[in-house]
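[1] What shape does this take:
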Amino acid sequence: MLSFFDKGRRKKALAVAVAAFTVMALAGCSKEQQAPQATLVKTMEVIKRDTPIVYDYTGFVQAQKEVNLMAQVSGQITGKYFLGGEKITAGQTLFTIDQRTYQAKVLNAQAGLASAQATLIRTSRDLERYKKLYEQNAVSKQELDNRVAEAEQAQAAVDAQQALLENANIDLGETNVVAPFDGRIDTNDLSVGNYVTAGQTVLATISNTDPVFVEFSLAENEYLKLLSAHNDAGGASLENLTIVLSDGSTYSEKGRVDQVNRSITQGTGTLSLKAEFPNPAKILLPGMFAHLQANSGTVHDAKLIPQRAVTELMYKKFVYVLGDDNKVSMRLWLVESGLEGNETVVVEGINKIKQGSEVKPEPMTEAELDTAVSLKES
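    As a prediction, the model looks like this:
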């Protein structure tokens, strides 16, 4: 017969056994619940085909020549001979400014010059007479020197009056404002009746339209590559640039790099360049957006993957390659190497996986991608 204490020990032992079984059962359930599940991802095979290597840049059209037409004389605008936005030609009269004050200055300068010339004639004749008298010892050397000084002063006065007349004629000519070169004039011009101040008032802005510049920037390493690169036709890449306009159309004229900045921009490591493009049809306008492309030839049998398949880790780029066991492995993404061309890579869902993850692949086709934008060389 068991004592009270024996019964107590049996109950306690049973309780401990039940608790231990419960813990083991829960641990087993926990292991079952934490079993890794295959992650659903989208995959596609590496594409192999001949591919042109095209460098893309964003640029903006600039006028090769642009000038703010500044008033050179003060006065009221009395004539305007164009419409805003028109094409103009070199030498074309654009404005006239009130000429009356400047015509009067010309007449005054002409009168001053005539008076100075008359004085010069008189002093020159006196000098000739005094030279003869001096040779005859009829006058002193001092008197001759005085006549020489008077003649020189008279000549200086003539020169000064001629300069005043030239300036007056220049000012008069500036009342007739002409176009300095062929181009297009802006619409922010002044109208008849406006008063303009010399050296302060901008009458209008003129830009040339053929040729034009496209300014863009590129990384230092790309500049070094393109310096020696050629397209399939053998043309230098930086001398056969193409523009894709904002409506998606390709501009018909080819451009070439005409100006290279003197140094790399600090902080960004980029270099600014200007490419010159012919513009005979006047399609390109200053300020217009230009998608610039430089072709450096074709890579035959190139390996391509969608750009979205690439992930970055510690400043290096990787892709996840699907193995036979549906487990992924990381491959370094390089331009020259890294993929053989027969792999299947993860395209979507890369943020859910890591090295060795088991996945449930769902194949994608190239038709489901915007290949014009997202395919990159591997």
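[2] Just the pLDDT at R9, thanks.
    Looking at R9, its pLDDT is 49.
[3] same deal with F4?
    39.
[4] cool, the one 10 residues further on as well?
    pLDDT, the model's per-residue confidence, is 41 for L14.
[5] cool, and the one 5 residues further on?
    For A19, the pLDDT comes out at 41.
[6] Need the mean per-residue confidence for stretch 226-237.
    81.
[7] meant to ask about stretch 190-206, not that
    Averaging pLDDT along stretch 190-206 gives 90.
[8] for that stretch, the distance to its chain's centre please.
    Centre-to-centre, stretch 190-206 and its host chain are 30 Å apart (C-alpha atoms, centre = their mean, to the nearest Å).
[9] next one: stretch 322-329
    With C-alpha atoms, centre = their mean, you get 46 Å for stretch 322-329.
[10] buried sites along it?
    By neighbour count on 16 or more other C-beta atoms under 10 Å, the buried set for stretch 322-329 is 322, 327-328. Bear in mind the C-beta positions are built from the backbone N, C-alpha and C, glycine included.
[11] what's the answer for stretch 120-130, then?
    Buried residues in stretch 120-130, counting neighbours by 16+ other C-beta under 10 Å, are found at 120, 123, 126-127, 130.
[12] Can you pull out the low-pLDDT segments for the chain?
    The model of the chain has pLDDT under 70 over residues 1-36, 313-316, 330-342, 350-351, 366-378.
[13] thinking again about what came up before, what about the buried residues of stretch 322-329, which are in strands?
    If you go by DSSP state E, the buried residues of stretch 322-329 have 322, 328 in strands.
[14] ok, so of the buried residues of stretch 322-329, who is nearest A168?
    V328 (86.6 Å; C-beta to C-beta).
[15] So what pairs up with that closest one in the strands?
    Counting by DSSP bridges, V328 forms beta bridges with L322.
[16] ok, now which ones touch it?
    By C-beta atoms under 8 Å, 6 or more residues apart in numbering, V328 lies in contact with 320-322, 346, 353, 355-357, 359.
[17] wait, what's in contact with Q136?
    Not one residue lies near Q136 by C-beta under 8 Å, 6+ apart.
[18] How about the backbone phi and psi for it?
    Main-chain torsions, Q136, degrees, to the nearest 10: phi -90, psi 10.
[19] what do you get for L69?
    phi -80, psi 100.
[20] Correct me if wrong: it contacts V196.
    No: the criterion here is C-beta atoms under 8 Å, and L69 misses it with V196 at 10.6 Å.
[21] Contact partners for G79?
    Counting by C-beta under 8 Å, 6+ apart, G79 touches 95-96, 192.
[22] Quick check: ChimeraX command selecting the buried ones in these.
    If you want just the buried ones from the contacts of G79 in ChimeraX, going by 16+ other C-beta under 10 Å, the selection is:
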select :95,96
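[23] tell me which of the contacts of G79 is nearest to E220?
    Among the contacts of G79, F95 lies closest to E220 (C-beta to C-beta), at 47.6 Å.
[24] secondary structure element for the closest one?
    Using DSSP states H and E, F95 sits in strand 93-97.
[25] who does that strand touch, helix- and strand-wise?
    With contacts taken as 3 or more C-beta pairs under 8 Å, 6 or more residues apart in numbering; DSSP states H and E, strand 93-97 sits against strand 75-80, strand 176-178, strand 202-207.
[26] next structured bit after it?
    The helix or strand immediately downstream of strand 93-97 is helix 100-135, counting by DSSP H and E.
[27] and that following helix with strand 75-80, angle?
    With axes from the mean of the first three to the mean of the last three C-alpha atoms, to 10 degrees defining the directions, helix 100-135 sits at 110 degrees from strand 75-80.
[28] by contact count, what packs against helix 100-135?
    Secondary-structure packing of helix 100-135 (3+ C-beta pairs under 8 Å, 6+ apart): helix 141-174.
[29] okay if I get the contacts of G79 as JSON lines plus distance to F216?
    JSON lines is the format used below for these (distance: C-beta to C-beta, whole Å):
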{"residue": "F95", "distance to F216": "36"}
{"residue": "T96", "distance to F216": "42"}
{"residue": "V192", "distance to F216": "42"}
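[30] just the contacts of G79 now: which is nearest V260?
    For the contacts of G79, the residue nearest V260 by C-beta to C-beta is F95; the value is 38.4 Å.
[31] The stretch 201-350 of the chain: helices as residue ranges?
    Using DSSP state H, counting those that start in this stretch, the helices of the stretch 201-350 of the chain run over 220-228.
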